[in-house]
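S.K.: predicted model follows, preceded by the sequence.
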Amino acid sequence: MKNIATPAWLEEAVFYEIYPQSFYDSNGDGVGDLPGIIEKLDYIQSLGVAAVWLNPCFVSPFQDAGYDVADYYKIAPRYGTNEDAHRLFAEARRRGIRLLMDLVPGHTSIEHPWFKASCRPERNEYTDWYVWTDSGWKWDVPGLHVVSGFADRDGSYITNFFYFQPALNYGFAHPEEAWQQPVDAPGPQRVRQELRNIMKFWLDLGCSGFRVDMARSLVKLDWHGQETVRLWQEMRAWLDREYPEAALVSEWSNPSLAIAGGFHMDFLLHFGSAGYTSLLRKQYAGSKDTDKYGFSFFDSRGHGNILDFLDEYLPYYQETKGKGLVCLITGNHDISPRLSRDRTTADLELVYLFLMTMPGAPFIYYGDEIGMRSLDGLPSKEGGLHRTGARTPMQWTAGFNAGFSAAPAEKLYLPIDPDPGRPTVAAQESDPTSLLNRVRALIALRKAHPALCASGEFDVVYAEAGRLPFVYRRRKDGETILVALNPADRSTEVALPSGIVTKTPETIYGKDGALSKKAAGWQLSLPGISGGIYLI
């Protein structure tokens, strides 16, 4: 695997994901917007994060919350203007925060002018920009989703997700029929060039990189991902020449392939990663059916198995170490319920202790830092389906509409959590023991210690199937830190291997006294639902 030059700013970076329509409404129309994000930049800065990932804000019919793009070069009017985007980039950078846009390269909306032109029966500039079969009667293609009878063109188009998201044409890894164009055909090559043009446009405006939606989906029938990897290697080589500080993070959930393809970062996600699911999401949608789902590791009943995570994570870590970052998340716009479901503040603090002491770059979904809850039973909004309840407006204050918007409640993008005890930023700002302030403290701690940052060495000290605690070590620049986690509601202890602790430990987070010297060596003891970070 080729080493990828990693921008230095990623070393201490913690990311914050903003779903723009739900963050802050500055003009009272019920929908969050870019000027609203600008107004809240001081709050974002106060978290200590280095970068924001902004979900799509391009012109769109919003059948899939903006992941159905109709114009890659223009901010959707409900969010503002391109000038607002430029001002957001500049104001964020003035505060030491970089903005990553959400790039949707695999498909457009059916409303995009490119697709409308591609639908015409006569050949034109965009005929080969999308994937079409050679007959409108071809209704079934193994491995692909087909929409027939949509256009006057004699062909059926291939979708990339929903029916209204036609796949852009990056070619086929192994063409078997005449309509399946190779990756070096003129149509796929023009689409690749247009992808570079889009990235250049926003980078020149002040964007600092991209989170890439469905990054593995571009080349069709690419079963082993190798042609898609080569495509992204081309993009990375171009970016390294022209924009070496720009960052790329992929929605791939396979770091071995994504980082080989030139991405600086890849997520472990709820799809494609049983390891991530085993940490936080086994009881998906709040299910109590543990016979079916099992237990998450971060579950106070203490029945989870950390090896479910490590058996997947460690090979990825070893393969990508020094080449790219494996990123863990609190959640995102695609995951429901939110992290807070069935968890107390103490439970959530321990999750953050873990996320902020692991290698890679952690991502926080807006509102997770205050323990926002999902709203069950909401009607689907803009293709959200079951995910809609995890996309509700940010809760700023106890006031009208939780401080999100001055619009009448019925005009809000989504309803506010109706619980009068809902968590808010204002309430937690003034409480030094709040989840918000604990998250801030852990982010600051991560940034203060080289061993805890992205590239610090990671090795497991104690991890046994079905047993606690989980103990690991981080090392860099002569600094060695021990991290210990006990998510169960009962105390636990373990004798540490000899040679792990070589000097009197210093507690830098958690209660003192967890490490004690015994005749046979050092012993670690943790109360229920607790953890600690120790200089050793």
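M.R.: Arrived safely. Numbering: from 1, shown residues only.

S.K.: what residue ranges in the stretch 251-400 of the chain score low on pLDDT?
M.R.: 283-293 (pLDDT under 70).

S.K.: where exactly do the strands run in it?
M.R.: 265-267, 325-327, 363-365 (DSSP state E, counting those that start in this stretch).

S.K.: what's the answer for the stretch 51-200 of the chain, then?
M.R.: 51-54, 58-59, 71-75, 98-103, 145-147, 157-159.

S.K.: which stretch among the ones you listed comes nearest A463?
M.R.: Among these, the nearest to A463 by Cβ to Cβ is strand 51-54 (30.3 Å). C-betas here are computed from N, CA, C, even on glycine.

S.K.: if we can go back for a sec, now the strands of the stretch 51-200 of the chain in a markdown table, with distance to P186?
M.R.: A markdown table is the format used below for the strands of the stretch 51-200 of the chain (distance: least, Cβ to Cβ, whole Å):
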| stretch | distance to P186 |
| --- | --- |
| strand 51-54 | 33 |
| strand 58-59 | 26 |
| strand 71-75 | 20 |
| strand 98-103 | 23 |
| strand 145-147 | 23 |
| strand 157-159 | 18 |
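
S.K.: quick one: which of those is nearest S118?
M.R.: Comparing the strands of the stretch 51-200 of the chain by Cβ to Cβ, strand 157-159 comes nearest, at 8.0 Å.

S.K.: what distance separates the start and the end of stretch 263-271?
M.R.: 19 Å (Cα to Cα, to the nearest Å).

S.K.: where do the helices of this protein begin and end?
M.R.: In the chain, the helices defined using DSSP state H lie at 34-39, 41-47, 82-94, 113-118, 186-205, 226-242, 255-260, 274-280, 290-293, 306-320, 345-355, 425-429, 435-448.

S.K.: domains for the chain, by residue range?
M.R.: 10-104+188-448, 107-167, 457-535 (automatic domain parsing).

S.K.: deepest in the core, which of those is it.
M.R.: domain 10-104+188-448 (a mean of 20; mean count of other Cβ atoms under 10 Å).

S.K.: start to end distance for that one?
M.R.: First-to-last residue span, domain 10-104+188-448, Cα to Cα: 14 Å.

S.K.: distance between that domain and the chain's centre?
M.R.: Relative to the centre of its chain, domain 10-104+188-448 is centred 4 Å away, using Cα atoms, centre = their mean, to the nearest Å.

S.K.: touching, V351 and S340? I think so.
M.R.: No. V351 is beyond contact range of S340, at 9.8 Å (criterion: Cβ atoms under 8 Å).

S.K.: for A178, find the nearest of the domains of the chain.
M.R.: That would be, of the domains of the chain and by Cβ to Cβ, domain 107-167, which comes in at 6.3 Å.

S.K.: got the end-to-end distance for that closest one?
M.R.: Domain 107-167 end-to-end distance (Cα to Cα) = 4 Å.

S.K.: do the same with stretch 430-439
M.R.: Stretch 430-439: ends 14 Å apart by Cα to Cα.

S.K.: hang on, the earlier thing: want to throw the helices of the chain into a markdown table with distance to R467?
M.R.: Formatted as a markdown table, these follow (distance: least, Cβ to Cβ, whole Å):
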| stretch | distance to R467 |
| --- | --- |
| helix 34-39 | 44 |
| helix 41-47 | 34 |
| helix 82-94 | 44 |
| helix 113-118 | 55 |
| helix 186-205 | 47 |
| helix 226-242 | 38 |
| helix 255-260 | 27 |
| helix 274-280 | 15 |
| helix 290-293 | 18 |
| helix 306-320 | 9 |
| helix 345-355 | 17 |
| helix 425-429 | 34 |
| helix 435-448 | 25 |
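
S.K.: how close does L375 get to F58?
M.R.: 27 Å (Cβ to Cβ, to the nearest Å).

S.K.: residues in contact with the residue nearest to M358 when sequence neighbours are not counted?
M.R.: Closest residue in space to M358, ignoring its immediate chain neighbours: L328 at 6.0 Å, by Cβ to Cβ, 6 or more residues apart in numbering. L328 makes contact with F267, L268, Y276, L279, L355, M358, G360, P362, F363, according to Cβ atoms under 8 Å, 6 or more residues apart in numbering.

S.K.: give the contact list for the fifth one.
M.R.: Neighbour list for L355: L328, T330, P362 [criterion: Cβ under 8 Å, 6+ apart].

S.K.: let's see that with 10 Å instead.
M.R.: Counting by Cβ atoms under 10 Å, 6 or more residues apart in numbering, L355 touches 14, 279-280, 327-330, 362-364, 439, 442-443, 446.

S.K.: how close does the closest residue to A346 other than its chain neighbours sit to G36?
M.R.: Nearest non-adjacent residue to A346, counting by Cβ to Cβ, 6+ apart: I529, 4.6 Å away. Between I529 and G36 the distance is 36 Å, computed by Cβ to Cβ.

S.K.: and if you look at L268?
M.R.: Distance, L268 to G36, using Cβ to Cβ: 31 Å.

S.K.: show the model's pLDDT score for the residue nearest to T397 when sequence neighbours are not counted.
M.R.: Once flanking residues are discounted, T397 sits nearest to G403: 3.5 Å by Cβ to Cβ, 6+ apart. For G403, the pLDDT comes out at 98.

S.K.: contact partners for G403?
M.R.: With Cβ under 10 Å, 6+ apart, G403 has these contacts: Y24, D25, P393, M394, Q395, W396, T397, I416, T424, V425, A426.

S.K.: wait, the third one sits on K381?
M.R.: No. P393 sits out of contact with K381 when judged by Cβ atoms under 10 Å, with a separation of 11.7 Å.

S.K.: anything in contact with each of the two?
M.R.: What both P393 and K381 touch, as defined by Cβ under 10 Å, 6+ apart, is the set Q21, S22, Y413, L414, P415.

S.K.: where along the stretch 401-536 of the chain do the strands fall?
M.R.: Going by DSSP E, counting those that start in this stretch, the stretch 401-536 of the chain shows strands at 457-462, 470-476, 479-486, 492-495, 506-509, 515-518, 521-526, 530-535.

S.K.: which other helices and strands contact the third one?
M.R.: Packing contacts for strand 479-486, counted by 3 or more Cβ pairs under 10 Å, 6 or more residues apart in numbering; DSSP states H and E, involve helix 345-355, strand 457-462, strand 470-476, strand 492-495, strand 506-509, strand 521-526, strand 530-535.

S.K.: and for the fourth one?
M.R.: Based on contacts counted as 3+ Cβ pairs under 10 Å, 6+ apart, the elements that strand 492-495 packs against are strand 457-462, strand 470-476, strand 479-486, strand 521-526.

S.K.: rerun at 6 Å
M.R.: With contacts defined as 3 or more Cβ pairs under 6 Å, 6 or more residues apart in numbering; DSSP states H and E, strand 492-495 has these neighbours: strand 521-526.
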